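In: Sequence first, predicted model second:
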Amino acid sequence: MAEPVVAPWLSIIGIGEDGLAGLGDAAKATLGRAAVVYGGKRHLELADTLISGTRHVWLSPFSQSIDDIMSRRGTPIVVLASGDPFLYGVGATLSRLVSANEMTVFPAPSAFSLAAARLGWPLQDVETVSLHGRPIDLIRPLLHPGCRILALTSDETGPADLAALLTEAGFGSSAFTVLEALGGNQERISHHQADRFALPTVNPLNVVAIDVKAHSDARIDARILPLGFGLDDALFENDGQITKREIRAVTLSALSPRRGQLLWDIGGGSGSISIEWMLAHPSLRAIAIEPVPERVERIRRNAQTCGVPALSVVEGKAPQALAGLDAPDAIFIGGGGSGEGVLEATMAALKPGGRLVANAVTLEMEAVLLAAQARHGGSLTRLDISRASPVGHLTGWRPAMPVTQWAWTKGAYPKKDTEGETA
């Protein structure tokens, strides 16, 4: 970020569907004397009678308008935004480039605030998600019976798309309220059931309120993504190459996700580790590296149906496929770790303080991990899982293949030479 300009030069004014009537005196005065005003076509029309300066409609791509604003740094500018500019709005974008002491902000109620007020839903008890210009699959992790959700959609097709997703996922019995053009003279609120939604016309400006219920037909299983690690294996499409749920739970605990961090998942398989990592918090990112094309597509499908469509998948084999990727905060090696140079390349790429967790089910990979622990330290854990299954007309324990897990934190352990002395 460039050195901040001392005096505020950028005014961001949130405006609702009620236009100028919803603005305070200070916001109106700022807008009225502005020489340059940026905003969407709708925003500029809502404030038309008060604007005397030069108008700039948002360009496509949007980044061109941001560049234009920044080229005028220090010159008084007004930006019109929808509702609360810092809730999925232009304020969030500009704040990455402009310091707070350069801005004067006049927020209006957000669409979520208006919807909660109409429904009598306390916002602290409601999940909110913006699907405006974003994949609707992001709503999937929120679909728990009894949960209330407010979802901002992109356009007039958004409610129908959401209703179809809910029905497909087994939540067709959910109460489904569409709130259109909130705060304006075209405001309309209609109540439906998700699997019976059939509103013929919808205003492009809409919020959908969902009171989540599993389908009333017991034969239809609702696809619930539980909180915590170790999701049911059946939630992931796979060809057998999957870290089983018990081992996955221990592995993710060892990876220890922290807000904003990036995971490399080497040998992605079904993508289950990457997906559960991202489900832990919306700020988490993951890159799955997988050499088999069919599995690459499978990982992408699993990411979509598990509500983390932003999972990045790289088709290729480590270590060659790692070139040029963002440096990771954590690395999981579940496949291909015994290949030449893989462990060395991943350890070198890991950020200081980052965690590496590698699982071995073969003797060859186990030998690699034993040698790595002897040289670099870290912890070794043996994981043995047995499951009860039929033995004739009785029941017995059937052991799964044991897993050797090596967990290492970069910089946390002294390196050793081949004789075991500290280097």
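Out: Right, received. Where do you want to start?
In: C-alpha from now on. contacts and neighbour counts both.
Out: Fine.
In: okay, now the closest residue to Val126 other than its chain neighbours: neighbour count?
Out: Computed as CA to CA, 6 or more residues apart in numbering, the closest residue to Val126 that is not its neighbour in sequence is Arg148, at 5.2 Å. Neighbourhood size, Arg148 [other CA atoms under 10 Å]: 22.
In: Which strand residues bridge Arg148?
Out: Using DSSP bridges, the beta-bridge partners of Arg148 come out as Asp211.
In: what about it, distance to Lys213?
Out: In this view, Arg148 and Lys213 are 10 Å apart by CA to CA, to the nearest Å.
In: And the strands in the stretch 101-250 of the chain, which stretches?
Out: Here the stretch 101-250 of the chain has its strands, by DSSP state E, counting those that start in this stretch, at 103-106, 127-130, 148-152, 175-180, 188-193, 206-211.
In: ok, now which ones touch the residue nearest to Val126?
Out: Asp125, Val126, Glu127, Ala209, Ile210, Asp211, Val212 (CA atoms under 8 Å, 6 or more residues apart in numbering).
In: Show me which of those are buried.
Out: Buried members of those, counted by 16 or more other CA atoms under 10 Å: Val126, Glu127, Ala209, Ile210, Asp211, Val212.
In: out of these, which one sits closest to Gly158?
Out: Ala209 (12.2 Å; CA to CA).
In: Am I right that that closest one is in contact with Cys147?
Out: No - using CA atoms under 8 Å, Ala209 is not in contact with Cys147; the gap is 10.6 Å.
In: show me the contacts for the closest residue to Lys317 other than its chain neighbours.
Out: Distances taken as CA to CA, 6+ apart place Pro291 nearest to Lys317, at 5.0 Å, with adjacent residues excluded. Taking CA under 8 Å, 6+ apart, we find Pro291 in contact with Gly267, Glu315, Gly316, Lys317.
In: quick one: which of those sit in strands?
Out: Residues of the contacts of Pro291 located in strands (DSSP state E): Glu315.
In: Looking at the contacts of Pro291, spot the one nearest Ser95.
Out: Nearest member of the contacts of Pro291 to Ser95, counting by CA to CA, is Glu315, at 35.1 Å.
In: hang on, the earlier thing: now, which of the buried ones among the contacts of Arg148 sits nearest Phe171?
Out: Nearest to Phe171 among the buried ones among the contacts of Arg148, counting by CA to CA, is Val212 at 6.8 Å.
In: Next one: the closest one from Ile289, what distance?
Out: From Val212 to Ile289 the distance is 35 Å (CA to CA).
In: State the distance from the residue nearest in space to the middle of the chain to Glu276.
Out: Note on the chain: the residue nearest the mean C-alpha position is Pro282, at 4.0 Å, using CA atoms, centre = their mean. Using CA to CA, we find Pro282 at a distance of 11 Å from Glu276.
In: And Leu80, by the same measure?
Out: Taking CA to CA, one finds Leu80 at 38 Å from Glu276.
In: How about Pro8?
Out: 43 Å.
In: Mind checking which of these two has more residues around it?
Out: Each of Pro8 and Glu276 has its neighbours counted (other CA under 10 Å); Glu276 has more, 24 against 17.
In: Now that one: closest residue in space that isn't a chain neighbour?
Out: Ranked by CA to CA, 6+ apart and with sequence neighbours excluded, the top spatial neighbour of Glu276 is Phe229, at 6.7 Å.
In: dump the residue contacts of that neighbour.
Out: Arg248, Ala249, Leu252, Ser253, Glu276.
In: which ones are touching the closest residue to the second one other than its chain neighbours?
Out: To tie it back to what came earlier, the one meant is Ala249. Nearest residue to Ala249, sequence neighbours excluded (CA to CA, 6+ apart): Gly230, at 4.4 Å. Contact analysis of Gly230 by CA under 8 Å, 6+ apart lists Arg245, Glu246, Ile247, Arg248, Ala249, Glu276.
In: if you look at those residues, which of them are in helices?
Out: When DSSP state H defines the helices, the subset of those inside them is Arg245, Glu246, Ile247, Arg248, Ala249, Glu276.
In: What is the neighbour count of the first one?
Out: A count of nearby residues for Arg245, using other CA under 10 Å, gives 17.
In: Quick check: chain neighbours aside, which residue is closest to it?
Out: Here the residue nearest Arg245, using CA to CA, 6+ apart, is Gly230, at 4.5 Å.
In: repeat for Leu20
Out: Ala47 (5.9 Å).
In: Could you check the pLDDT of that neighbour?
Out: On pLDDT, Ala47 comes in at 96.
In: what about it, neighbour count?
Out: Under the criterion other CA under 10 Å, the count of neighbours that Ala47 has is 19.
In: hmm, back to that, which among the buried ones among the contacts of Arg148 gets closest to Thr153?
Out: Looking across these and measuring by CA to CA, the closest to Thr153 is Ala209, at 10.8 Å.
In: What are the boundaries of the helices in the stretch 201-350 of the chain?
Out: 245-255, 272-279, 293-305, 342-349 (DSSP state H, counting those that start in this stretch).
In: the inter-axis angle of the longest one versus helix 272-279?
Out: Relative orientation of helix 293-305 and helix 272-279, computed by axes from the mean of the first three to the mean of the last three CA atoms, to 10 degrees: 30 degrees.
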